[in-house]
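1. build the 3D model from these lines:
(2 chains, ligands or ions: 2)
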Amino acid sequence: MGAGGAGLRCALELSQHNYSVAVLSKLFPVRSHTGAAQGGVGAALGNEEPDSPEWHFFDTVKGSDYLGDQDAIEIMCEDAVEAILELEHFGLPFSRTPDGKIAQRPFGGHTKNFGEAPVKRACYAADRTGHMILHTLFEQCVKNEVRFFNEFYVLDLIMDGDICQGVVAYDLATGDIHVFQAKATMLATGGHGRAFSVTSNAHTYTGDGMAICFRRGIPMEDMEFVQFHPTGMRKLGILISEAARGEGGILRNREDIENIGSGKDGFMGAIAPTVKDLAPRDVIARAMYNEIVEGRGIEGSGDTGSDYLYLDLVHLGAEIVNERLPDISHFARTYLAVEPIKEPIPVQPTTHYAMGGIPTDIEGRVLWDAKNKVVPGLYAAGEVACVSVHGANRLGTNSLLDIVVFGRRGGKDMVRYLGEAEFGRIKGEPDEFLRGEIDRLQNGGGTEKVVDLRPEMQNVMMVNSGVFRSKDSLTKARDTILELRQRYQKVGVQDKSAYFNTELVEAIELGFLLDSAWMIAESALHRTESRGAHSREDYPERDDEKWLKHTFIHYEADGKVKFAYKPVTITKFQPKPRVY
Amino acid sequence: MQVTVEIFRYDPDTDKSRFDTFVKEVDPKDRVLDVMMAIKDEDDGTIAFRKSCAHGVCGSDAMEINGLNRLACQVLVQDLKSKRIRIQPIRGMKVLRDLVVDMEPFFAGLESVKPFLIPKEPAPAAERYQSIADRAIFDDTTKCIMCGSCTTSCPSFWTNGAYVGPAAFVKAHRFIFDSRDGGNEFRLGILDDKDGLWRCHSIFNCTDACPREIHITKAIGDLKRYTVVHR
Ligand SMILES: Cc1cc2nc3c(=O)[nH]c(=O)nc-3n(C[C@H](O)[C@H](O)[C@H](O)COP(=O)(O)OP(=O)(O)OC[C@H]3O[C@@H](n4cnc5c(N)ncnc54)[C@H](O)[C@@H]3O)c2cc1C
Ligand code: FES
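-> Ligands and ions are numbered 1, 2, ... in the order given. Got it, this is the predicted structure:
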């Protein structure tokens, strides 16, 4: 399920072993959100300057605020080098160094020698790295004749007791419902950014995979951790990649406007003296909110919803901006009418990435509980999954890495599993639930509308479950979401057609998003500490004694959840205060 | 500002088509996609169109807007310099419903040019080296997002659906001029054919239509020259 980087990498692995693979995707593969990724993919190749997987490992652990599982992180950083070389062998057109190797650039939180100074670790292809990864993997799947079912929406799992036997999918073109029986199923459906009003994520980023599992009794891990990226284009949320700061871009407040184009330090210079504007995203997003609240936003209004800051690329010059950051300069010109060579870009934090998701082990196998009981036949990888390599805060470039490393590992373990598993017999009517749901939405006479519920959800999440949170704000978010979930039961759609019924699909996606929003708010309310991207105003400190553990949220009954905990795997790096 | 939006409708159940007209109050900085979503949300939920990224990188929403192929998410209302916005499906493809066309034949056409690296040499232990200059030769054509804007703006394609079309040439260019690739014997036959390169009469519609600003007609010229030399 899913034809982004993770899904395609997995399918490719299976096709190399001559298994019959079906890739179901609600979008044509090349429309997947991996294609939007800009800046780079992390691997300690050491092409530009000395680097080591161990430094990458350390940075990722520290970036995760020590919540990432160190066995998984170590594997990811070690596998990284091979995974990136393999992409090059598949034909990925990386940008090059003068001696013809894969080019690398600095990125937030990536350092040399355990935090000494920024290091060039992000392998890139201009500012379209994700686009190139997506297309290259798709090309290889075409070469291996992988079978695609495009615009098939997976809406349910088929479970026989504990075992997954495949999925139920809705064919957008015809309105038909199909049952896909499979020995092994991989969910690679991406994140849930559309639960928030300002986001860098696509309209289709609706957390489908997470909700589908949650409804079937599978818990979700660390859902409170949602990344807010510092530099979204003002109001629109469209991303300006961290690569812009990797190339030397500087954030500026209203007191700093005269320094535009000078290359002098901005406000981050004082907050993170070693890495400055290349501090991890959680650190910068919080700093930006503080600047705005204290009246140093560009407008000076103090309103974190509407005020903004500047991203200054002016001192970089036309050549760097046009050659290394062509797409994002184009976005600034198209959507903001800003010429980044001459003027600063107005930015504000934007909802970007789901650190939490479907719990898996390091082979991509989905877990039934915090005690590592595996769901036979079910795998997950990519943004939908939580291994956990990102812990409380993901470093830039580590998601593109995650999708290729764990897409591949998951694929390999599926090959192993396929050798021993039996095709079961599907019992009952696996499509019954889905048919009922579609019938209710189309013919139930519901009077509530998606267009009313969706913005309410997105706004309440943005304001109350955003960069800063508290018991009061999160209680409000949770209660509003529960109320919206009640109202969702009365949603009706106008469109009764069987063909390309996008209104129906949006209604189903809203249902999924309401599940994610609920899990995020409940989990955030539950975790009474601040760690990584989860900043509680009422609990401003990290509390390792009580909270150095993963949360697993389980569905109990409507409006009711329960929590379980899993210890963090710590192998090499003991938790320390996180200073940059 | 107020705009009048005319949207092409096709109902597969009745096999009938028409234009529906909506008058909307919009911000000149709205994307056409925003306006269409507002219409869908507020006026008529049954309008079908594709969308995803909303900032011109996924290629979902190519459509004909005021006579030109554009991504709806990449055109602002103010760019159109008109109070009337007329939206139709991209041409030459089978319309499935409203603005949704059948893209499967388009993707199949792309596949015909073997759009994947056919390595010249087996992979070394490290990466294959490529100079900055060699990488630059095909940079432009790596930008393609397969939205179909180019192919469906081409009069040669409208008159002959068998024509391989500009998008496939862009893809072919991306590999033929990649110093790591050695698979041209498999590609040249498809290009050097009556339904291949020679149907291109340099009308430049494709270049105008490309939302990624790829110099498509130039890429096709490169391919024509290459084909003649390497026949
Ligand atoms: C603007 C932007 C820039 C980024 N830049 C970087 C970067 O520079 N470096 C980095 O490391 N990370 C970056 N990221 C993050 C990274 O791109 C994503 O986390 C990653 O690509 C997710 O890949 P994926 O394979 O998990 O999912 P996706 O690529 O999103 O694929 C999801 C797939 O699932 C399918 N799908 C979803 N739901 C269903 C369903 N119900 N039924 C069937 N199919 C379904 C979709 O069709 C799609 O094919 C960026 C993200 C954004 C938004
Ligand atoms: S919606 Fe992705 S290109 Fe327009």
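
2. what's the helix or strand of chain B with the lowest mean pLDDT in contact with?
-> In chain B, the helix or strand scored least confidently by mean pLDDT, DSSP states H and E is helix B:184-191, which has a mean of 88. The contact list for helix B:184-191 (Cβ atoms under 8 Å, 6 or more residues apart in numbering or on different chains) reads B:112-114, B:118, B:164, B:169, B:172, B:175-176, B:196-197, B:223, B:227, B:230-231. To be clear about C-beta, it is placed using only N, CA and C from the backbone, and glycine gets the same treatment.

3. next: stretch A:545-559.
-> The contact list for stretch A:545-559 (Cβ under 8 Å, 6+ apart) reads A:66-67, A:214-215, A:217, A:219-224, A:359, A:369-370, A:386, A:388, A:482, A:485, A:519, A:522-523, A:526-529, A:531, A:561-568, A:575.

4. ends of stretch B:66-82, how far apart?
-> 9 Å (Cα to Cα, to the nearest Å).

5. longest helix anywhere in the chain?
-> I went with chain A, as the question did not name one. helix A:502-526 (DSSP state H).

6. my bad, the chain I had in mind was chain B
-> What stands out as the longest helix in chain B, according to DSSP H, is helix B:216-230.

7. which residue is the nearest non-sequential neighbour of the residue sitting nearest the centre point of chain A?
-> With distances taken as Cα atoms, centre = their mean, the residue of chain A nearest its centroid is A:Y353 (3.3 Å). With Cβ to Cβ, 6 or more residues apart in numbering or on different chains as the criterion, A:Y353 has its nearest non-adjacent residue at 4.0 Å, and that residue is A:Q227.

8. list the buried residues in the longest helix of chain B.
-> Within helix B:216-230, the residues that count as buried by 16 or more other Cβ atoms under 10 Å in any protein chain shown are B:I216, B:T217, B:A219, B:I220, B:D222, B:L223, B:K224, B:Y226, B:T227.

9. which residues does the residue nearest to A:Y353 contact?
-> With contacts defined as Cβ under 8 Å, 6+ apart, A:Q227 is in contact with A:R281, A:D282, A:T351, A:H352, A:Y353, A:A354, A:M355, A:N393, A:R394, A:A533.

10. rewinding a little: just the buried residues of the contacts of helix B:184-191.
-> B:112-114, B:118, B:164, B:169, B:172, B:175-176, B:196-197, B:223, B:227.

11. can you redo those residues as CSV with distance to chain A?
-> Below are the buried ones among the contacts of helix B:184-191 laid out as CSV (distance: Cβ to the nearest Cβ, whole Å):
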residue, distance to chain A
B:S112, 11
B:V113, 11
B:K114, 8
B:I118, 9
B:V164, 16
B:F169, 16
B:A172, 12
B:F175, 8
B:I176, 13
B:G196, 19
B:L197, 21
B:L223, 18
B:T227, 22
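
12. quick one: which two of those residues are the most distant?
-> B:I118 and B:L197 (19.3 Å; Cβ to Cβ).

13. could you pull out the strands for chain B?
-> In chain B, the segments counted as strands under DSSP state E are B:2-11, B:16-25, B:62-65, B:68-71, B:84-88, B:95-97, B:100-101.

14. so which of the ones you listed is the most packed in?
-> Of all the strands of chain B, strand B:62-65 carries the top mean neighbour count, a mean of 25, counting by mean count of other Cβ atoms under 10 Å in any protein chain shown.

15. what about the residue nearest to the centre of chain A, distance to A:Y205?
-> Distance, A:Y353 to A:Y205, using Cβ to Cβ, to the nearest Å: 10 Å.

16. then A:T304?
-> 23 Å.

17. out of those two, which sits in the busier spot?
-> A:Y205 (25 against 21; other Cβ atoms under 10 Å in any protein chain shown).

18. show me the contacts for the more buried one.
-> Taking Cβ under 8 Å, 6+ apart, one finds A:H33, A:G190, A:G191, A:H192, A:G193, A:R194, A:T199 in contact with A:Y205.

19. please repeat the previous calculation with a cut-off of 6 Å.
-> A:G190, A:G191, A:G193, A:R194 (Cβ atoms under 6 Å, 6 or more residues apart in numbering or on different chains).

20. and the residue nearest the centre of chain B?
-> Note on chain B: the residue nearest the mean C-alpha position is B:G148, at 2.4 Å, using Cα atoms, centre = their mean.

21. can you list the buried residues in stretch A:271-278?
-> A:I271, A:A272, A:V275, A:K276, A:D277, A:L278.

22. swap in stretch B:203-218?
-> So for stretch B:203-218, counting by 16+ other Cβ under 10 Å, buried means B:N205, B:C206, B:T207, B:A209, B:C210, B:P211, B:R212, B:I214, B:H215, B:I216, B:T217.

23. surely the last one meets B:T207?
-> The reference is to B:T217. Yes: using Cβ atoms under 6 Å, B:T217 is in contact with B:T207, at 4.7 Å.

24. quick check: which element contains A:G166?
-> Under the criterion of DSSP states H and E, A:G166 resides in strand A:163-171.

25. that strand near chain B anywhere?
-> No: judged by Cβ under 6 Å from any Cβ of the partner chain, strand A:163-171 makes no contact with chain B; its nearest approach is 12.0 Å.

26. around chain B, pick out the residues from the stretch 401-550 of chain A.
-> So far as Cβ under 6 Å from any Cβ goes, the stretch 401-550 of chain A lies against chain B at A:V451, A:Q494, A:D495, A:Y499, A:F500, A:T502, A:E503.

27. just the buried residues of the residues you listed.
-> With burial judged by 16+ other Cβ under 10 Å, the buried subset of these is A:V451, A:D495, A:Y499, A:F500, A:T502, A:E503.

28. hmm, stretch A:49-64 touching ligand 1?
-> No: counting by Cβ under 6 Å from any ligand atom, ligand 1 has no neighbours in stretch A:49-64; the shortest distance is 11.7 Å.

29. and that stretch, what's buried?
-> Neighbour-count burial for stretch A:49-64 [16+ other Cβ under 10 Å]: A:D51, A:P53, A:W55, A:H56, A:F57, A:F58, A:D59, A:T60, A:V61, A:K62, A:G63, A:S64.

30. the first one and A:G391, how far apart?
-> Taken as Cβ to Cβ, the spacing of A:D51 relative to A:G391 amounts to 21 Å.

31. same check on the second one?
-> As defined by Cβ to Cβ, A:P53 lies at a distance of 18 Å from A:G391.

32. tell me which element A:S15 is part of?
-> If you go by DSSP H and E, A:S15 is part of helix A:5-16.

33. quickly check: the next helix or strand after that helix near ligand 1 or not.
-> Using DSSP H and E, the helix or strand that directly follows helix A:5-16 along the chain is strand A:22-25. Yes: applying Cβ under 6 Å from any ligand atom, one finds strand A:22-25 in contact with ligand 1 at A:L24, A:S25.

34. adjacent strands (with direction) for the helix or strand just after strand A:22-25?
-> Sequence order places strand A:41-42 as the next helix or strand after strand A:22-25, per DSSP H and E. Strand A:41-42 has the following sheet partners, assigned by DSSP bridges: strand A:117-123 (antiparallel).

35. so whichever residue of chain A sits closest to chain B: helix, strand or coil?
-> Distances between chain A and chain B by Cβ to the nearest Cβ are smallest at A:G91, namely 2.9 Å. Classification of A:G91 by DSSP: H, G, I helix; E, B strand; the rest coil places it in coil.

36. where does the closest residue to it other than its chain neighbours land on pLDDT?
-> Using Cβ to Cβ, 6+ apart and skipping residues adjacent in sequence, the residue nearest A:G91 is B:L117, 2.9 Å away. At B:L117, the model reports a pLDDT of 97.

37. and B:L117, its phi and psi?
-> Note on B:L117: its backbone torsions stand at phi -70, psi 130 [degrees, to the nearest 10].
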